[in-house]
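A.B. asks: attaching a predicted model along with its sequence, questions to come.
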Amino acid sequence: MDDVILKVENLSKQYRLGKIGTGTLSHDLKRWWHLVRGKEDPYLKIGETNDRSLKGESEYVWVLKDINFEVKRGEVLGVIGKNGAGKSTLLKILSRVTSPTKGSIKAKGRIASLLEVGTGFHPEMTGRENIYLNGAILGMTKKEISSKIDEIIEFSGCERYIDTPVKRYSSGMTVRLAFAVAAHLEPEILVVDEVLAVGDAEFQKKAIGKMQDISKTDGRTVLFVSHNMAAVKNLCSRGILLHNGQLVYQGQIDSVVDRYLESEELSFSKRYHNESISVKDLSIKEFFITSEIKTGSKFEFEVLIDAEIERLVEFSVGFRNVDSTPIFQIYSGHVGKIFKLIKGINKLRGSIDSLPVVAGNYTITLWLGSKGVNFDVHKNALKILVREGAISEGGPISTKNGYPIIHQSNWEMT
Amino acid sequence: MKSLEKDIWLFEITPKKSFFNFNVKEIWRYRDLLFLFVKRDVITFYKQTILGPLWFIIQPLLTSLIQFVIFSKIAAIPSDGVPYFLFVLAGNIIWFYFSDTLKSISETFTANQNIFGKVYFPRIIMPLKVVFSNLLKFGIQFSFFLIVLCYYIYLGYDINPTVYIFLLPLILIFLALISMGIGMLISSLTVKYRDLNFVITFGISLFMYVSPIVYPTSLVLEKIDSKFHFLIYLNPLTGFLDFFKYAFFGSGSFDVLNLVYSLVFSFVIFVLGVMVFNKTEKSFIDVI
């Protein structure tokens, strides 16, 4: 049987605009006076006009609306969504910091959250004292903490300072200590929000490893919220996608991440120029991909460049993955191609014989310049989905092993 | 099958919350946290001070000395035949227990919004921890009071402690209830109305003067028209103060009915405080 450990049913959270921020007695008295005379609340109107995205004339905003999902024991669920999609509110309700307006959450185990580590740390107390207090705040008993204190201290790597007040710690050490406590919690359900953004590289690796242990070895359930798609893909098995407070998609993590990236508009596209050359003088007008986009297939594109001046230029196309990590680049300068632009629209055509990236989502950055000088740069100019393909007669290429680039190769037995 | 499934949920998070929620079982589960919070209060109080816990004694000692000089030596206020210093010290330790607890609790939400915004634990732990920290402090001050009391008895003053001193724990519990009740009411209101913080600061010091601390209740009864006597009895602290002094000095105007009123008042205000506190704790994070 399916072992559902957490069940969220019709969960909704409503914020009343206009009521927030009117925290003085005079406002309340005025509101009361308006109500007595049978008039509208004067402050609710403020909320109405302020927010464009409201539906109709309602002064209410649903931050979460009819969220339904289930989590099974041992599952690591990724919660994805843009800023303002309602992720944090969901986590806050889950960790019982705030209560829902409608609906319910049923859980078969303790929920502990790592919304932010180090809650309740007191600078005057020693590391050891803080471990006890912080652990208790997170729901551990003294006995539980005592049995794990050595492990926690070792994990934090702060042995030498453990009996020194925390105010003498570096900020990194404080965070390490705090995470160490949190990582040794033993709730059935753990809620994690972007804690991986702390500490140095070594510690981050340790933290991710610990999270994996928690879910894989100990079979505990984790809800993980992050904007780091690589980490989400790495850790989670299933995911839910929130958009404007609604659950728009749930399923296997890869498909959820893909869906999220598709839904994301290219609002983050950035374009900049060299100051000495204005957009009018030299700009990338259009860029089309004229071939199919498939691993191992021929990749062809065309660029239209609008030039008002005659100029020698080079052109480059860069691929970045979903985390904006540069993956690979093609650059006309590398193959000695320099184009002399004439006034008017210039058309360039480029191609590679075999697209070397594995299937997935990428963004493309276009660069027009000369000898390292930027003329026109479109960061994340467009988003493409590379479909699964093969090189030569070889079989399909797996995306699972983590290598982003594959290449034609020659083999023989000697 | 369905009904079976329902039973095994450990807990549910729903919008509904009962009106009065003083979940002793849950508080018991978090007793370690309560203990650690109290420990934190104590540790951080004396860290980096030279006199440490002695400060607990210095506060009522100096206050009582100043009051002794002004109200007894200069203003010649009587004290029911008890040495004035002892008389006012008794009033002060009760008063400090009440007012310090009240003041800290009234800041519960504003002072802890950071921690409340991040993790869940029964919010009532915070007011409770204040009660216990202050109880410890009271313990130290009370010991000091006992020493002074014995000293005066040794000097041959006419002081006759009664058997009522054994009711002291009861008095302390109800004092805790009243200061928690009022404190939680105020803390809930300050979430919306920050103005109340200012009212509290000077309100408490005013309230001290309308409570029989630096003067005995008997003096009020003597000087004020009997039509207004009910005013001094309306103050719920009067019952506690008079009882405490009567128990330890065997003198003064102690009135059973008045004590009962104080106890009932404390209980009612406590229930009310918990109710308002419950209502606030579930939504305050959206408002603050």
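C.D. replies: Cool, the structure landed.

A.B. asks: check which residues of stretch A:308-327 are buried.
C.D. replies: In terms of neighbour count (16 or more other C-beta atoms under 10 Å in any protein chain shown), stretch A:308-327 has its buried residues at A:311, A:313, A:314, A:315, A:316, A:317, A:318, A:319, A:320, A:321, A:322, A:327. Where C-beta positions appear, they are placed from N, C-alpha and C, glycine not excepted.

A.B. asks: again, but for stretch B:139-157
C.D. replies: Within stretch B:139-157, the residues that count as buried by 16+ other C-beta under 10 Å are B:140, B:141, B:142, B:144, B:145, B:148, B:149, B:152.

A.B. asks: quick one: that stretch to chain centroid distance?
C.D. replies: Between the mean C-alpha location of stretch B:139-157 and the chain-wide mean there is a distance of 22 Å, by C-alpha atoms, centre = their mean, to the nearest Å.

A.B. asks: and the stretch 101-250 of chain B, which residues reach chain A?
C.D. replies: Within the stretch 101-250 of chain B, the positions near chain A by C-beta under 8 Å from any C-beta of the partner chain are B:114-121, B:191-195.

A.B. asks: and which of these is nearest chain A?
C.D. replies: For these, the residue nearest chain A by C-beta to the nearest C-beta is residue B:120; the value is 3.6 Å.

A.B. asks: need the pLDDT of the closest residue to that closest one other than its chain neighbours.
C.D. replies: In space, and not counting its chain neighbours, residue B:120 is closest to residue A:96: 3.6 Å by C-beta to C-beta, 6 or more residues apart in numbering or on different chains. Per-residue confidence at residue A:96 stands at 81 (pLDDT).

A.B. asks: tell me how many other residues crowd residue A:96.
C.D. replies: Taking other C-beta atoms under 10 Å in any protein chain shown as the neighbour definition, residue A:96 ends up with a count of 16.

A.B. asks: and residue A:131, by the same measure?
C.D. replies: The tally of other residues near residue A:131 (other C-beta under 10 Å) stands at 27.

A.B. asks: what packs against the host helix or strand of it?
C.D. replies: Secondary structure from DSSP states H and E places residue A:131 in helix A:127-137. Counting contacts by 3 or more C-beta pairs under 8 Å, 6 or more residues apart in numbering or on different chains; DSSP states H and E, helix A:127-137 packs against helix A:142-156, helix A:171-183, helix B:31-46.

A.B. asks: what's the least confident stretch among those helices?
C.D. replies: Taking the average pLDDT of each of the helices and strands packed on helix A:127-137, the minimum falls on helix A:171-183, with a mean of 81.

A.B. asks: before we move on, the earlier item: list the contacts of the residue nearest to residue B:120.
C.D. replies: A:111, B:13, B:120 (C-beta atoms under 8 Å, 6 or more residues apart in numbering or on different chains).

A.B. asks: nearest to chain A: which residue in the stretch 151-288 of chain B?
C.D. replies: Here the stretch 151-288 of chain B gets closest to chain A at one residue, residue B:282, 4.3 Å apart by C-beta to the nearest C-beta.

A.B. asks: reformat the buried residues of stretch B:139-157 as TSV; add distance to residue A:83.
C.D. replies: Below are those laid out as TSV (distance: C-beta to C-beta, whole Å):
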residue	distance to residue A:83
B:140	52
B:141	52
B:142	55
B:144	57
B:145	58
B:148	63
B:149	65
B:152	69
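
A.B. asks: out of these, which are inside helices?
C.D. replies: Using DSSP state H, B:140, B:141, B:142, B:144, B:145, B:148, B:149, B:152 are the members of these that sit in helices.

A.B. asks: ok, those vs residue A:90, which is closest?
C.D. replies: Set against residue A:90, the nearest of those by C-beta to C-beta is residue B:140 (47.0 Å).

A.B. asks: so that closest one sits against residue B:56, correct?
C.D. replies: Yes. Under the criterion of C-beta atoms under 8 Å, residue B:140 makes contact with residue B:56 at 4.5 Å.

A.B. asks: what sits against the residue in the stretch 151-300 of chain A that chain B sits nearest to?
C.D. replies: With distances taken as C-beta to the nearest C-beta, the stretch 151-300 of chain A approaches chain B most closely at residue A:165, which sits 7.6 Å away. Shown here is residue A:165, whose contacts under the criterion C-beta under 8 Å, 6+ apart are A:123, A:124, A:125, A:126, B:47.

A.B. asks: ok, and the most crowded of these?
C.D. replies: With neighbours set by other C-beta under 10 Å, the maximum within these is found at residue A:125, which has 22 neighbours.

A.B. asks: what separates that one from chain B, distance-wise?
C.D. replies: Between residue A:125 and chain B the computed distance is 6 Å (C-beta to the nearest C-beta, to the nearest Å).

A.B. asks: now do that residue, the pLDDT please.
C.D. replies: At residue A:125, the pLDDT value in this model is 86.

A.B. asks: next, give phi and psi for it.
C.D. replies: phi -90, psi 160 (degrees, to the nearest 10).

A.B. asks: related to what we said a few turns ago, contact partners of the helix holding residue A:131?
C.D. replies: For helix A:127-137, the surrounding residues in contact (C-beta under 8 Å, 6+ apart) are A:118-122, A:125, A:142, A:144-145, A:149, A:152-153, A:156, A:158, A:161-164, A:166, A:169, A:177-178, A:180-182, A:184-185, B:30, B:32-33, B:36-37, B:39-40, B:43, B:115, B:119, B:121.

A.B. asks: relative to helix A:142-156, how tilted is that helix?
C.D. replies: 120 degrees (axes from the mean of the first three to the mean of the last three C-alpha atoms, to 10 degrees).

A.B. asks: restrict the strand or helix carrying residue B:220 to CA atoms and write it as PDB.
C.D. replies: Here residue B:220 is covered by helix B:217-223, with elements defined by DSSP H and E. Listed in PDB are the C-alpha atoms of helix B:217-223, where the atom choice follows Å, rounded to 0.1, in the frame of the first residue of the first chain:
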ATOM      1  CA  THR B 217      -4.000  49.600  53.300                       C
ATOM      2  CA  SER B 218      -5.100  50.700  56.800                       C
ATOM      3  CA  LEU B 219      -3.800  54.200  56.000                       C
ATOM      4  CA  VAL B 220      -6.000  54.500  53.000                       C
ATOM      5  CA  LEU B 221      -9.000  53.300  54.900                       C
ATOM      6  CA  GLU B 222      -8.300  55.900  57.500                       C
ATOM      7  CA  LYS B 223      -7.700  58.900  55.300                       C
END
